[in-house]
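Colleague: the following comprises the amino acid sequence and a computationally predicted model.
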Amino acid sequence: MAIIETKNLTYTYPGASKPSISDVSIKVEKGEFVLITGPSGCGKTTLCRCFNGLIPHFYQGELTGEISVAGEDTLKHHTYEMAKHVGLVFQNPENQLFALSIEKDVAFGLENTGVPREEMRKKVDWALNQTGIYDLRERSPHEISGGQQQRVAIASVLAMEPEIIVLDEPTSFLDPLSAEKIFEVIYELNKKQGITVILVEHRLDLTAKYTDHLIVMDEGKVRFEGNPREILSTEETRLIGVGIPKATLLYQMLKKDGLNLSGNTPLSSEELADQLLETLKTK
Amino acid sequence: MSVFDGLKFRKVHSPIHNLDPRIKFVYVISIFVVAILFAQIIPLLFLFVLQIPFVLLASVQRQWLRSLRGAAFLAGFIFVVNVGTDYFTSGYLLTAVNVESAVGLTLRFVVLVESFSVFFLTTSPDHLGLALEESRVPYEFAFAFTTAVRFVPVLAEEAQTIMDAQKARGLELEKGGLLKKIRNYVPVLIPLIVSAIRRSLELAEAMESRAWGATKKRTNLYALKLHMGDYALLAITIGILVGAVYVHFYVPIPTIVHLLQHKSL
Amino acid sequence: MIVAENVHFSYPNKVEALKGVSLTIKDGEFVAIMGQNGAGKSTFVKHFNGLLKPTSGKVCVDGVETTKTSVAALARNVGFVFQNPDHQLFSETVEDEIAFALKNFGFKPEVVEERVTWALNLLALTQYRKTSPFLLSGGERKRVALASVLAWDPKALILDEPTIGQDHDQKEILRQFIIQMQTQGKTVVIVTHDVEFVAECNPRVVLMKEGKIVAEGIGKDILTNPDVLTESSIVLPQIAQIFMKLSQLGLPKNIIDIYEAEKIILNAKESKPVK
């Protein structure tokens, strides 16, 4: 059974005139690394909130359709129950950290669920190590950089050992180098710990290479779902306003010009460079 | 602002800083109670001098003196008001006794400020928050406290940014009469408030997503343990309380005026 | 237009944020100031409208030293759009928001009315004239903030991290907008760490690191110099990354534009294959 499955999911915020997402039906298998993208306002943030129960429990409003996350119907389980299965990392690093020291923040979720101190200590240290911030554990959140803050946010969600981690544009406020580090951490967690990852991002040039399950949304609906190499080469995707990686764009342009490039549609500059080297070296 | 300087925490490692905040608080409350118990100069002076070894042990002399300076204004005010009322109510008589009692009341105020100052100077907000969590106070309050402290520097920075943004649109905060000056701050206050509200919403989302409210039996990563020093302070506190009660009921305390009169005899 | 001479700046907490920065920005230039978070970029540009005054050295805007005049006077010529529009918005209507600065600068009511209408038009906000800015979406609020700065038609425009949180289309609109400002002869300065965006605009690039300028020149040259970029913790733009690898075939390294890349590669294929 899929770890996340939705059928015709439709949600309207209280007081809104039209739904933010409509008829969303997707399936995510255990251990996948899923990338969700789309122009501003397409409903990706709303969809994230559905995965851990913030919608409908925190936001109220109207939710119709079916949704099952880690085997649970989110409509029937409160957010604090879903928190055991799904961790959600938000866009703004500063507003996710509330304790006066890093390790207390990472422990927050465990404290809330009444985990005994010994066990808590172990899990906190583990999470800190997984995200590479063990040395920062006694610092206060205001002293560290945005990239480090986001790693704390990831650690604090990781400490609860969820099966799924959802990240809603976690690198919006970060510079490209810090963003890359975050993606590497997430990728490691997916590969080594087998945690299912759902990443919402605009920066496809940095993230498309990690996934083989891409979901493109527009105006509340899922427009495309499947392999990024196929989806990102179509004209329709470009017209929606998705930020296609430059390497992929160049590849399409060269192909149209008649250049013979072997291999799949590239998602990164390394891939295209290798293809070009091959083509240009042969007669 | 010097009064507030005396209340800001400093990150120093001293035996006083490491003491359990709950015990420190009990100590401060006891000083408070004892100070109220007496109105005479001698015991109050004694209480005041009692703070000094703590201040020195904690290496916070400079800040403590700064808070003294800040309190001086208010202290002077208290003194003048007391002397003044006595003067007017006793038919324009300025007696030594009245002056002495005014000094006593002023001293009482100073002792109160100073003991609280030592407490806040040597107790980190983390420690305070932890003490609140471990006490019977409902977790929501302890959480509200630590979160507020955590965001103070963030809000301060944001206020500065907002002021800069509005100044860059030609807002001149210093211009105009009092009323205009107050109105000038509206473009600074509104974004600040809106931002605070937005921030609270994001915080609430993050909290919910990390199982806030999952159980009433919250556990804690840290634990406050009592050490030798804490017991020592507790003993000192009890000693002071007992001594104070004894002296109050059984030992007559001479006033300075009295002493001076006897001396001259 | 803006001349900075050996500017040193330290914050009250004694941290030295700028360690001797000198830069000249001519009228009508388009400059991108880049560098890691904490390099001093925002600190530096805040000297251009007097929000910050140098601890030593001097900054002259249009020949006037910033220490000799007020922020409001400087702001008249140098418009500053902050990163977060929510740090500015406070009025009941979009109209009032845009009129705010105009009133501060003492424009007559008729002129205010004119300018507001003009700014609303420019940024496609006319239908929101009487709407509360707080009810608008993130992207719309950004446009309101921009409109409120453009309304008084400053000679120079400084944009602090304008691409954060913007999707692809929004960035494209921003890019077109900057070109439009340029054709009107405005000086435009952006502070950003978005290499791809800068690569598309190809302005003059100034790289900062730890309070100093470590490199400056045309985008094409700076953004394709890997040593200089790693020093300031900036990633090469994608097209440049590709050409880094292709350089072993003798192809030029300083390519950042996708159309130029296309031409060069096709030419390389047409001519005798290399090696």
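Modeller: Thanks, I have the structure now.
Colleague: so where's the chain uncertain?
Modeller: Since you didn't name a chain, this refers to chain A. A:283 (pLDDT under 70).
Colleague: can you look at chain C instead?
Modeller: Checking chain C against pLDDT under 70 turns up C:272-275.
Colleague: residue in it nearest to chain B?
Modeller: C:N104 (3.1 Å; CB to the nearest CB). (Glycine included, C-beta is placed from N, CA and C.)
Colleague: neighbours around that residue, how many?
Modeller: C:N104 sits with 21 neighbouring residues when counted by other CB atoms under 10 Å in any protein chain shown.
Colleague: so it makes contact with B:E172?
Modeller: Yes - counting by CB atoms under 8 Å, B:E172 is a contact partner of C:N104 at 7.3 Å.
Colleague: who touches both of those two?
Modeller: Both C:N104 and B:E172 are contacted by C:A72, under the criterion CB atoms under 8 Å, 6 or more residues apart in numbering or on different chains.
Colleague: coming back round to it: show me the contacts for the residue of chain C closest to chain B.
Modeller: Contacts of C:N104 by CB under 8 Å, 6+ apart are B:R169, B:G170, B:L171, B:E172, C:A72.
Colleague: host element of the last one?
Modeller: C:A72 is located in helix C:71-75, with elements delineated by DSSP states H and E.
Colleague: what's the following helix or strand after that helix?
Modeller: strand C:78-81.
Colleague: partner strands of that following strand, with direction?
Modeller: strand C:156-160 (parallel) (DSSP bridges).
Colleague: quick one: contacts of the partner strand?
Modeller: C:1-2, C:25, C:42, C:45, C:48-49, C:61, C:77-83, C:149-150, C:178, C:181, C:186-191.
Colleague: count of neighbours near A:A16?
Modeller: So A:A16, with other CB under 10 Å, has 11 neighbours.
Colleague: tell me the contacts of the residue nearest to it when sequence neighbours are not counted?
Modeller: Once flanking residues are discounted, A:A16 sits nearest to A:G61: 7.5 Å by CB to CB, 6 or more residues apart in numbering or on different chains. A:G61 makes contact with A:Y11, A:T12, A:Y13, A:P14, A:A16, A:I55 under the criterion CB under 8 Å, 6+ apart.
Colleague: quick check on those residues: which are buried?
Modeller: Among the contacts of A:G61, those buried by neighbour count (16 or more other CB atoms under 10 Å in any protein chain shown) are A:Y11, A:T12, A:I55.
Colleague: export those residues to a markdown table and tack on secondary structure and distance to chain C?
Modeller: Shown next, in a markdown table, are the buried ones among the contacts of A:G61 (DSSP: H, G, I helix; E, B strand; the rest coil; distance: CB to the nearest CB, whole Å):
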| residue | secondary structure | distance to chain C |
| --- | --- | --- |
| A:Y11 | strand | 17 |
| A:T12 | strand | 16 |
| A:I55 | helix | 19 |
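Colleague: turn those residues into CSV, including distance to A:Q148.
Modeller: Output for these, formatted as CSV (distance: CB to CB, whole Å):
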residue, distance to A:Q148
A:Y11, 34
A:T12, 37
A:I55, 30
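Colleague: C:I213 against C:V21, yeah?
Modeller: Yes - using CB under 8 Å as the test, C:I213 is close enough to C:V21 to be in contact (5.7 Å).
Colleague: can you give me the helices for the stretch 1-150 of chain A?
Modeller: A:44-51, A:79-82, A:102-112, A:117-130, A:146-158 (DSSP state H, counting those that start in this stretch).
Colleague: which one of the ones you listed lies nearest to chain C?
Modeller: Here helix A:146-158 is closest among these (CB to the nearest CB), at 6.6 Å.
Colleague: what angle do the closest one and helix A:117-130 make?
Modeller: 140 degrees (axes from the mean of the first three to the mean of the last three CA atoms, to 10 degrees).
Colleague: against which helices or strands is helix A:146-158 packed?
Modeller: strand A:86-89, helix A:102-112, helix A:117-130, strand A:164-168, helix A:176-193 (3 or more CB pairs under 8 Å, 6 or more residues apart in numbering or on different chains; DSSP states H and E).
Colleague: what is the subsequent helix or strand relative to the last one?
Modeller: To tie it back to what came earlier, the one meant is helix A:176-193. strand A:196-200.
Colleague: got the residues of the stretch 101-250 of chain C near chain B?
Modeller: C:A101, C:N104, C:F105, C:F134, C:S148, C:V149, C:W152 (CB under 8 Å from any CB of the partner chain).
Colleague: ok so, going back, which of the contacts of strand C:156-160 fall within helices?
Modeller: Counting by DSSP state H, the part of the contacts of strand C:156-160 found in helices is C:S42, C:V45, C:V149, C:L150, C:I178, C:M181.
Colleague: give me the number of residues near the closest residue to the third one other than its chain neighbours?
Modeller: In this structure, C:V149 finds its nearest non-sequential neighbour in C:G79, 4.2 Å apart by CB to CB, 6+ apart. The burial metric for C:G79, expressed as a neighbour count using other CB under 10 Å, is 24.
Colleague: for C:G79, which residues are in contact?
Modeller: Contacts of C:G79 by CB under 8 Å, 6+ apart are B:A168, C:V149, C:L150, C:W152, C:P154, C:A156, C:L157, C:I158.
Colleague: okay, now the domains of the chain?
Modeller: Unless you meant another one, I'm taking chain A. A:4-233, A:245-283 (automatic domain parsing).
Colleague: other chain: chain C
Modeller: C:1-77+C:156-219, C:89-153.
Colleague: residues in contact with residue 65?
Modeller: This is for chain A. Contacts of A:G65 by CB under 8 Å, 6+ apart are A:T6, A:K7, A:N8, A:L9, A:T10, A:D23, A:V24, A:S25.
Colleague: you answered for a different chain; I wanted chain C.
Modeller: C:K58, C:V59.
Colleague: which stretches of the stretch 1-150 of chain B have low pLDDT?
Modeller: For the stretch 1-150 of chain B (pLDDT under 70), the answer is B:1-13.
Colleague: mind listing the residues bridging to the residue lying closest to A:G226 once chain neighbours are set aside?
Modeller: Residue nearest to A:G226 in three dimensions, not counting chain neighbours: A:L214, with 6.7 Å by CB to CB, 6+ apart. Bridge pairing for A:L214 (DSSP bridges) gives the partners A:L35, A:G226.
Colleague: count the residues that sit near the closest residue to B:A223 other than its chain neighbours.
Modeller: Spatial nearest neighbour of B:A223, excluding adjacent residues (CB to CB, 6+ apart): A:R117 at 6.9 Å. When neighbours are defined as other CB under 10 Å, A:R117 has 15 of them.
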